[in-house]
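Engineer: Here is my input, please return the structure:
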Amino acid sequence: MKKDRKLILEDGSEYYGTGFGSRKDAVCEVVFNTSMAGYQEILSDPSYTDQAVVMSYPLIGNYGIADEDFESKRLAPSALIVRDLCENPSNFRSTRSVDELLEENGIPGISNVDTRRLVRSIREYGSGRGLITGAGMAAADALEIIRRTPVPHDAVRRCSCLKKWYSRTSNPCFTVVVIDCGMKTNIIRMLNHSRCNVTVVPYDTGYEEILALSPDGVLISNGPGDPQDVPEVVHTLRMIIGKCPVFGICLGHQLIALACGGSTYKLPFGHRGGNHPVRDVRTGRIFITSQNHSYAVDEESLAGTGLMVSYVNLLDQTIEGLYSEKNAVISVQFHPESAPGPQDTMQLFECFTDMMRMKRNSQA
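Structural biologist: Predicted coordinates:
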């Protein structure tokens, strides 16, 4: 197939390929994901907002798109970059192809790209911004477009819900408020499965309004971008922690660290994939986890915060979880609602309900 599109990175390197989906240009951060499956969940995960996702697994699209498998109501990435795109998926649940899905949602894609070379470049030099454009654009013009395009800092605002909404379950035991920073819907499913009635609120909801709902617990969701871009949530958490049990996932984990006085930093190329090993420092047990994040908590900044480390990444020793028994807080950098293999990480939702039960019993 004719290579009519290309990706140009900030360092001037060019990667030619064949366009699919939308043919519009896009400036975005270029990151890679090592998952062998789950491309639909990746495309609908709000944490990928403003990013071009490079799939390191070569064949994408072979089982198509199923309407029941979306993680949010909108597609999140700014672009998708793959080696081989399957245009004729084989799956009885499929309703459209990846090409059709991206075209419907105005998202550009490039196939027939040397993704091995691209991923190795990101691993060696770190993630950076790039431009998806036509193959004929001059590199100098592309670099000027990248330079003139501002880096967005409002991703959470664009991903969060606009108003409060509810997800109730039969025979509920607890009421949970979820602060939506760009939430995956499976988090709500897992809370409902754990017999929790859920109220979802926008990211900038004040702590007074949240506490007025009399929640048994508060969960802070995953989401895109730099945790320091949402000081509103950090302030809210400072006022809530200690008043009821709190559970943070991914971005929520980072925001809890900031609220308690810790700090975060950007990783060279982040963690994105379904096979990241983490160790429970309390038991020594190893978990294989699903991850998607660019930032991590600085371990040295935790002194005096009251937070203890619960999980550590075995690949680079970064912090993967925190807890505070005194304030009934748990947080994880990985996605417990998205366990790629054994459902071991689902136990974190049980830990959350146990904290809420203990808090309720102590007040009885």
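Engineer: Pull out the buried positions in stretch 253-266.
Structural biologist: 253, 254, 255, 256, 257, 258, 259, 260, 262, 264 (16 or more other CB atoms under 10 Å). Where C-beta positions appear, they are placed from N, C-alpha and C, glycine not excepted.
Engineer: want to try TSV for those, with pLDDT as columns?
Structural biologist: Shown next, in TSV, are the buried residues of stretch 253-266 (pLDDT from 0 to 100):
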residue	pLDDT
253	98
254	98
255	98
256	98
257	98
258	98
259	98
260	98
262	98
264	98
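Engineer: So which of those residues belong to strands?
Structural biologist: Among the buried residues of stretch 253-266, the members found in strands (DSSP state E) are residue 264.
Engineer: In a markdown table: the buried residues of stretch 253-266, plus distance to residue 142.
Structural biologist: Below are those laid out as a markdown table (distance: CB to CB, whole Å):
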| residue | distance to residue 142 |
| --- | --- |
| 253 | 36 |
| 254 | 32 |
| 255 | 35 |
| 256 | 39 |
| 257 | 37 |
| 258 | 36 |
| 259 | 40 |
| 260 | 43 |
| 262 | 38 |
| 264 | 31 |
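Engineer: Okay, and which of the buried residues of stretch 253-266 map to helices?
Structural biologist: 253, 254, 255, 256, 257, 258, 259 (DSSP state H).
Engineer: who touches the helix or strand hosting residue 40?
Structural biologist: Secondary structure assignment for residue 40, by DSSP states H and E: helix 39-43. The contact list for helix 39-43 (CB atoms under 8 Å, 6 or more residues apart in numbering) reads 33, 35, 48, 53, 55, 60-61, 65-66, 69-71, 75-77, 80, 98, 101-102, 107, 184, 292, 338.
Engineer: Only whichever of those are buried, select them in PyMOL.
Structural biologist: Here is the PyMOL selection string for the buried members of the contacts of helix 39-43, based on 16+ other CB under 10 Å:
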select buried, resi 33+35+48+53+55+60+61+65+70+71+75+76+77+80+98+101+102+107+184+292+338
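Engineer: From start to finish, how long is stretch 151-162 in a straight line?
Structural biologist: Using CA to CA, to the nearest Å, one end of stretch 151-162 lies 23 Å from the other.
Engineer: Can you list the buried residues in that stretch?
Structural biologist: Of all the residues in stretch 151-162, those buried under the rule 16+ other CB under 10 Å are 152, 155, 156, 157, 159, 160, 161.
Engineer: rewinding a little: which of the ones in helices among the buried residues of stretch 253-266 lies closest to residue 228?
Structural biologist: Among these, residue 258 lies closest to residue 228 (CB to CB), at 7.0 Å.
Engineer: From residue 229, how far off is the closest one?
Structural biologist: Computed as CB to CB, to the nearest Å, the residue 258 to residue 229 distance reads 11 Å.
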